[in-house]
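Student: coordinates only, sequence not included:
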Ligand code: FES
Ligand SMILES: [Fe+2]
């Protein structure tokens with residue numbers, strides 16, 4: 001249970017009784033160029049997504065030595081491999097001979113990484129260890145032909161990597177107090193049930209939707225909105241990272257219940273939002289949804305990797321059914337509800353209807369998100385401060 005659970009539920013209950021929510025100090029306007037200017041988009045991808053530590057996978061996706069995962073992230077062919085020392089390494093999935101893609105997209109287990117073109121082979125650390133027909137090829141300094149590495153660290157059950165060779169980062173510094181908060185989710189000990197990629201609207205349109213409960217009753221009236229109190233948000237920030245607490249409909253039951261009988265986690269729902277593209281949402285008890293939003297080639301599209309986790313592998317029919325229900329609910333809520341609205345926003349962006357979007361005082365997490373983008377864009381290098389928790393309670 002989250003150590004702040006009692007205080008979070010108290011904060012949520014106070015809002016519930018008063019029909020209030022945590023608020024920003026004022027409303028905020030964002031020029032639509034932030035959403036549709038392709039030059040700006042290219043700079044943002046470069047500055048934010050290619051130079052900050054990005055959550056590229058969950059540790060449980062690479063369960064043992066030799067497990068690998070190949071994927072293309074914003075045009076970067078990425079290969080993650082867990083070594084004999086159980087450390088995960090990130091490399092470019094590109095052969096050093098003449099550039100063939102080494103592993104097909106997806107996950108698996110392999111003794112060696114063997115290029116499909118001329119069978120050069122690499123070990124888990126990315127060192128070149130074999131060349132087919134090496135005697136005929138001619139002498140080369142094998143040490144100089146290892147795979148190109150990317151800085152990569154594991155923390156809180158998540159694999160973080162920078163997509164630019166030569167970049168280094170300190171994941172504890174990047175996450176600050178949010179790292180401990182992520183540790184409470186115990187992500188190393190869940191069972192990965194299902195993973196899928198969803199096409200969605202542009203990066204900011206998509207992420208905005210993950211950061212407020214203002215739309216829940218309307219957009220999600222058939223799904224998560226049935227369980228959530230609309231327009232009620234309890235917010236804690238950790239620099240650019242945020243923890244959103246939504247109230248469940250059952251909150252009202254606590255009004256007449258003595259506090260020592262409260263089961264706080266049954267009445268709230270936590271969303272952990274890691275800047276810039278991670279959202280972890282525990283929706284129904286033993287089930288959890290991890291979403292990674294990867295910007296597409298233009299500002300108009302994204303791919304969201306949805307990972308459905310369950311506390312332990314479902315075995316009985318009832319457990320399998322509960323997990324299927326959760327998986328179907330999250331797919332519907334995101335693809336058919338959030339992204340449907342998101343696509344409609346995206347298609348209207350080029351119209352002359354708005355010159356700017358306005359975010360309400362009741363949308364503080366969206367405001368913080370856009371402020372963080374501005375701050376990172378103004379930074380010349382990765383000189384961010386170690387994020388400290390800043391309780392909202394406004
Ligand atoms: S391109 Fe990989 S061995 Fe030739
Ligand atoms: Fe939503």
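Tutor: Sure thing, it's come through. Just so we're clear, the structure is a prediction, and the values are computed from it rather than from any experiment. Numbers count the residues shown, from 1 in each chain. Ligands and ions are numbered 1, 2, ... in the order given.
Student: pLDDT averaged over stretch 230-241 - what is it?
Tutor: For stretch 230-241, mean pLDDT is 97.
Student: now do stretch 91-99
Tutor: Per-residue scores along stretch 91-99 average to 98.
Student: which parts of that stretch are buried?
Tutor: Within stretch 91-99, the residues that count as buried by 16 or more other Cβ atoms under 10 Å are 91-97. The C-beta positions use only the backbone N, C-alpha and C, and glycine is treated the same way.
Student: show me the contacts for the spatially closest residue to residue 195 that is not a sequence neighbour.
Tutor: Once flanking residues are discounted, residue 195 sits nearest to residue 307: 4.8 Å by Cβ to Cβ, 6 or more residues apart in numbering. Going by Cβ atoms under 8 Å, 6 or more residues apart in numbering, residue 307 touches 58, 192, 194-195, 289-292.
Student: at 7 Å instead, please
Tutor: 58, 192, 195, 290 (Cβ atoms under 7 Å, 6 or more residues apart in numbering).
Student: give me the beta-bridge partners of it?
Tutor: residue 195, residue 290 (DSSP bridges).
Student: Using just helix, strand and coil, how would you label residue 232?
Tutor: Under DSSP: H, G, I helix; E, B strand; the rest coil, the three-state class of residue 232 is strand.
Student: I figured it hits residue 22, correct?
Tutor: No - counting by Cβ atoms under 7 Å, residue 232 stays clear of residue 22, with 8.7 Å between them.
Student: coming back round to it: export the contacts of residue 307 to CSV and tack on pLDDT, distance to residue 222 and neighbour count?
Tutor: Converted to CSV, the contacts of residue 307 look like this (pLDDT from 0 to 100; distance: Cβ to Cβ, whole Å; neighbours: other Cβ atoms under 10 Å):
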residue, pLDDT, distance to residue 222, neighbour count
58, 98, 29, 24
192, 97, 27, 16
195, 97, 24, 15
290, 98, 23, 24
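Student: What is the nearest of those residues to residue 150?
Tutor: Nearest to residue 150, judged by Cβ to Cβ, of the contacts of residue 307 is residue 58 at 17.4 Å.
Student: how close does that closest one sit to ligand 1?
Tutor: Distance, residue 58 to ligand 1, using Cβ to the nearest ligand atom, to the nearest Å: 29 Å.
Student: Show me which residues of the stretch 51-200 of the chain are close to ligand 1?
Tutor: Near ligand 1, the residues belonging to the stretch 51-200 of the chain are 95, 97-100, 115, 117-118, 120 when assessed by Cβ under 6 Å from any ligand atom.
Student: mind giving me TSV with these and columns for secondary structure?
Tutor: Shown next, in TSV, are those (three-state DSSP):
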residue	secondary structure
95	coil
97	coil
98	coil
99	coil
100	coil
115	coil
117	coil
118	coil
120	coil
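Student: pLDDT score for the residue nearest the centre of the chain?
Tutor: Residue closest to the mean C-alpha point of the chain, counted by Cα atoms, centre = their mean, is residue 278 at 1.6 Å. We note a pLDDT of 98 for residue 278 in this prediction.
Student: show me what contacts it?
Tutor: 55, 292.
Student: For beta bridges, what are the partners of it?
Tutor: residue 274, residue 292.
Student: now swap in residue 90 and tell me
Tutor: Applying DSSP bridges, one finds that residue 90 bridges with residue 80, residue 150.
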